[in-house]
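Chemist: what follows is a protein structure lacking sequence information:
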Ligand SMILES: Cc1cc2nc3c(=O)[nH]c(=O)nc-3n(C[C@H](O)[C@H](O)[C@H](O)COP(=O)(O)O)c2cc1C
C-alpha cells in the first residue's frame, strides 16, 4: 500500500486525530494488515505518537501487524456455535492448515481467526472463508471446503 | 426533501405519503438480516430484481430489502404483500415461480410455506405459524413493513408521531413522568429503571448533557439489537430524540462496532433523512428544540459495551472501565452528565408515549413490564429473534415458539445473559421471563441471549467456555478480574481434562468471591456467574469428572 492511498484515507477523515481507529481499520480492510511504514505515515500525518498507535494496534485483536494469507478463515466460537461443536471444526481446520488462531501459514495461503459471535446463530457452527459463509458445517465438510482454495 | 415545520405539516406529509401508496399493490419483502445474508440472500434479492425487469413489472411490483424477519432458522425469508404470505428457505432458482404463481397468479406455493414437523400442517401466514403466532411483536413486527433506508416507510406506519406529541403536547417533565410510570427497565443487561436514570441525568448540574445509544451488542449469542436497529433504525432514533428532550440534552451519540457495517450504513442514512425532514438538528418540527446525533464507530471488544468503558471509547481512549462511585448519568463523556440506554430500551419509548404508560404496564409482570426481545439459539429447532411479553414462561419460548429440541434429544439447561449470566436446569422451565425471577435463580436475563442446551452438553465445559471468553476480553486494568478469571479458568481446564485435584471446587468458590467483590466493573464482578450457577445446579458434574480423572 503506497503513501498516496494512505493519505487519501486520512484526508477522507479530515486528518483528525480522533479518527485514528477508523483510519487504521480502513487501511487494514484494504491491505489486510498494517505494515510498519503505514503506521509511521499515519503517525506523521495525524500527529499521533507511534507509541500510541502501537498501543492501539496491539490492544485490539482486530488489527494484524503481520501479513495475512490469501484466504482468511474465521471460525465462530460464539455460544450457539460452541455447543453445536465449533471446537471440532476448529480442531480439524487447525490440523489441515497447520496453523492456530492468529497465525498465517508459510505459503501465505490461509490465515486463521476465531470470532466471538457473528450473529447468525441459526447457522452454527459457522466458518467464513474470504467472506463466504459455510453454515451448519461438520468437521469433514470444513475440510472439503478448504480443499477448494488455491 | 421538504422541511417539516409543525405537527400539522407532519400529518400532511404522512397523508401525502399514504395517498401515493396503493395498499393492493404487490410488494415482496425480502429479509436482509445477518443470517439470511449469510445464507446468500443477496442472490435472492438480485434474482427478484432481474425477474421483475425481465417481465417488465417495475411499475406493478415493489421489492423491499428489509431487516431481520425473525425466523432465522428457515431463512432466506420473504413476505409477499398484500396477502402477507410467508415463504421460507427461498433460493434464487425459485424466484420466477414466486413471481408468476404467487405475485401475479395469487396462488400459494405449497412447498415454500411452513410445514409443522410434528403434524405436517401447512401455514402460510405469520398469524398461523407457531413461531410467530405465539409472540407479541410490538418492536420487531414492523421489520417486514419498512425498508430501513426509507423514512417514508416509517412515517407511513405512524412514525415520529410520538416525537411530535412529546414536543408539542407534553413538557419534558411529563415525558419523564410517563416513562417512570411505565416502569420501563433497561434492556442492556442490568434492568435499571430508565426513568430514574433519565431523571438523574436531567437533574445533574451542567448545561451540556449527552444521550447515547448502546448498539454494541457484544454478548455472544445475542443478535436482537442489530435485528431491530438495522431493520427499523428510526424507531430507535425517535426514542432517542424524545429522551434527549426529556433530559435536556442537545447532543446524542450512537455507539456502533466495526463488524456490523450494515447497521452503521442504515443508521447514517436514517440520520440524514431525519435531518432532511427537520426531525433532527435545529428547531425540530418548529418546536425550538435542537438535537444532533453523531455516530461513533469503534472496534467492539466485549468490555466496550460497559457504560464507563463505552464512554471512554467515545472520548477516543481505550475502553477501560472506571469505578462508578459517581454514576455516568452524572459524570460520563468528558465528565458531563451522560445517559446511556440500550437499543431496545430506546425503541420502547415511542410506544409508551403513543399508547400511554397504562397500556404499557398492562403488558408483563408486576416488576417487568412490556415485551422483551430474545435471541433464541443453541440446541433448539427454531433459532431466531423472538419477542414475547414479560412473564412468558421459558417453557412456552422453548416449545411453543422454539419448536423444542432437535434430534429427539432432551432439554438439559437454559443459559441467559452470556458470559456474565447463568444456567438453570430443565426442571425450572416454568420460570417466567422476568428480570427479578431469573436473577434470583442465578441466571440474570442479560441483554436477552437465551441459549438452549440438550442432554449431551457438558456443563463444566460451558462454564469453562465462558471463562475462556472472559480471559480474552478482560481489559486487564484491575487485578482481581485479570488474574482471578485466569486462575479459575486454569482450574476448570484441569478438571475438564481429568486432572482435577482435591479442594479445587472450594478454591474456585473462593476465587469467585474475591473477583466478585473486588473487581472494578461488572465484567469482573459477575465473571463467575456461569461458574457459580453450574456449580449450584450441576455440582455432580464437577465431582463426577474429578472421580473419573
Ligand atoms: C462487560 C459488559 C458488557 C456490556 N455490554 C453491553 C452491550 O453490548 N450492550 C448494552 O446495551 N449494554 C451492555 N452492558 C450494560 C451497560 O453497561 C449499560 O448498563 C447499558 O447499556 C445501559 O442501558 P439500559 O439501562 O438501557 O439497559 C454491558 C455491561 C458490561 C459490564
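Modeler: Received it, and whenever you're ready, just let me know what you need. The structure displayed is predicted, hence computed values, not measured ones.
Chemist: alpha carbons only for contacts and neighbour counts from here, please
Modeler: OK.
Chemist: quickly find the element holding residue B:415.
Modeler: strand B:411-416 (DSSP states H and E).
Chemist: state the distance from residue B:259 to residue A:29.
Modeler: 11 Å (Cα to Cα, to the nearest Å).
Chemist: can you check residue B:184 too?
Modeler: Taken as Cα to Cα, the span from residue B:184 to residue A:29 is 40 Å.
Chemist: what does stretch B:99-114 rub up against?
Modeler: By Cα atoms under 8 Å, 6 or more residues apart in numbering or on different chains, the surrounding residues in contact with stretch B:99-114 are B:26, B:51-52, B:80, B:85-90, B:98, B:122-124, B:129.
Chemist: neighbours around residue A:1, how many?
Modeler: By the measure other Cα atoms under 10 Å in any protein chain shown, the count of residues near residue A:1 is 12.
Chemist: one more: the one 5 residues further on?
Modeler: Residue A:6 has 20 neighbouring residues, counting by other Cα under 10 Å.
Chemist: wait, does the helix or strand that contains it contact chain B?
Modeler: For residue A:6, the host element (DSSP H and E) is helix A:3-12. No: shown here: helix A:3-12 not in contact with chain B (Cα under 8 Å from any Cα of the partner chain), separated by at least 15.0 Å.
Chemist: helix or strand next in line after that helix, which one?
Modeler: Sequence order places helix A:20-31 as the next helix or strand after helix A:3-12, per DSSP H and E.
Chemist: return the list of helices and strands in contact with that following helix.
Modeler: helix A:3-12, strand B:292-298 (3 or more Cα pairs under 8 Å, 6 or more residues apart in numbering or on different chains; DSSP states H and E).
Chemist: identify the residues contacting it?
Modeler: A:1, A:6, A:9-10, A:13, A:33-34, A:46, A:63-64, B:297-299.
Chemist: can you rerun that using 10 Å?
Modeler: A:1, A:5-7, A:9-13, A:15-17, A:19, A:32-35, A:38-39, A:42-43, A:46, A:48, A:53, A:56-57, A:62-65, A:67-68, B:258, B:296-299, B:316 (Cα atoms under 10 Å, 6 or more residues apart in numbering or on different chains).
Chemist: domains in chain B, by residue range?
Modeler: Domains of chain B are assigned by automatic domain parsing as B:24-133, B:151-360, B:371-454, B:459-548.
Chemist: what about stretch B:406-426, average pLDDT?
Modeler: What stretch B:406-426 shows for mean pLDDT is 96.
Chemist: that one close to the ligand?
Modeler: No: Stretch B:406-426 does not reach the ligand (Cα under 6 Å from any ligand atom); its nearest approach is 7.7 Å.
Chemist: residue A:143 and the ligand: what is the separation?
Modeler: The spacing between residue A:143 and the ligand, counted by Cα to the nearest ligand atom, to the nearest Å, is 34 Å.
Chemist: same check on residue B:11?
Modeler: 30 Å.
Chemist: doesn't that residue belong to a helix?
Modeler: Yes: under DSSP: H, G, I helix; E, B strand; the rest coil, residue B:11 falls within a helix.
Chemist: wait, doesn't it sit right on residue B:165?
Modeler: No: applying Cα atoms under 10 Å as the test, residue B:11 and residue B:165 come out as separate, 11.6 Å apart.
Chemist: low-confidence ranges in the stretch 301-450 of chain B?
Modeler: Within the stretch 301-450 of chain B, the set of residues satisfying pLDDT under 70 is empty.
Chemist: and stretch B:516-531, end to end?
Modeler: First-to-last residue span, stretch B:516-531, Cα to Cα: 12 Å.
Chemist: ok, the closest residue to the ligand within chain A to residue A:125 distance?
Modeler: Here the residue of chain A nearest the ligand is residue A:117; by Cα to the nearest ligand atom that distance is 12.1 Å. According to Cα to Cα, residue A:117 stands 10 Å off from residue A:125.
Chemist: show me what counts as buried in stretch B:207-220.
Modeler: B:209-220 (16 or more other Cα atoms under 10 Å in any protein chain shown).
Chemist: and that stretch, anywhere near chain A?
Modeler: Yes: judged by Cα under 10 Å from any Cα of the partner chain, stretch B:207-220 comes into contact with chain A through B:217-220.
Chemist: next, the buried residues of the helix holding residue A:6.
Modeler: So for helix A:3-12, counting by 16+ other Cα under 10 Å, buried means A:6-7, A:9-10.
Chemist: identify the farthest-apart pair in those.
Modeler: A:6 and A:10 (6.3 Å; Cα to Cα).
Chemist: shared neighbours, the two?
Modeler: A:23-24, A:26-27, A:41-42, A:45.
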